[in-house]
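Peer 1: Sequence below, structure please.
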Amino acid sequence: GGDVAFRGWARMALPVTGFRVLKVAKPLLGEAQPAEVRAEVSFDLRACRREMESEWEQLRRHDVLFLVRLDPEEQVPGAGERGGARSGAAHSGGRAFPEA
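Peer 2: Numbering: from 1, shown residues only. As a prediction, the model looks like this:
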């Protein structure tokens, strides 16, 4: 099928299990891209080793994260890469990660 398989190694790489755009701010004057985009990204830590789960839990507000979308049909390298900063997080039970 069209499934993407990860080969190799990236310490904190995880597949995204859910993604929802929460806010798209209008562009600043003279700009084309939104001034801000906020989204909720879900992933599952249950299959991770405890050390990696601990690293995810240590992420703090404004830590930089990268989302990479892999599309087997896409021919432009890097076109699916996006950066962002953590603004908040919660466990699946709704308990918030500590802010620092």
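Peer 1: ok, the closest residue to residue 19 other than its chain neighbours - how many residues close by?
Peer 2: In this structure, residue 19 finds its nearest non-sequential neighbour in residue 41, 5.6 Å apart by CB to CB, 6 or more residues apart in numbering. Glycine gets a C-beta too; all of them are placed from N, C-alpha and C. Counted with other CB atoms under 10 Å, the neighbours of residue 41 add up to 15.
Peer 1: again, but for residue 63
Peer 2: 13.
Peer 1: still on that earlier bit, what sits against the residue nearest to residue 19?
Peer 2: Contact partners of residue 41, counting by CB atoms under 8 Å, 6 or more residues apart in numbering, are 16, 18, 19, 67.
Peer 1: which two from those end up farthest apart in space?
Peer 2: For the contacts of residue 41, the maximum inter-member distance is 12.4 Å, found between 18 and 67 (CB to CB).
Peer 1: of all the contacts of residue 41, which comes closest to residue 27?
Peer 2: Looking across these and measuring by CB to CB, the closest to residue 27 is residue 67, at 20.6 Å.
Peer 1: re earlier: could the contacts of residue 41 go into CSV alongside neighbour count and pLDDT?
Peer 2: Formatted as CSV, the entries for the contacts of residue 41 read as follows, by neighbours: other CB atoms under 10 Å; pLDDT from 0 to 100:
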residue, neighbour count, pLDDT
16, 12, 85
18, 9, 89
19, 12, 88
67, 13, 79
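Peer 1: Name the SS class of the nearest residue to residue 22 once chain neighbours are set aside, please.
Peer 2: For residue 22, ignoring the flanking residues on the chain, the nearest one in space by CB to CB, 6+ apart is residue 38 at 4.5 Å. Each residue gets one of three states, and residue 38 gets strand by DSSP: H, G, I helix; E, B strand; the rest coil.
Peer 1: Tell me the predicted confidence for residue 38.
Peer 2: As summarised for this prediction, residue 38 has a pLDDT of 88.
Peer 1: Count the residues that sit near it.
Peer 2: The local packing count at residue 38 equals 14, with neighbours defined by other CB under 10 Å.
Peer 1: I am finished for the moment; much appreciated.
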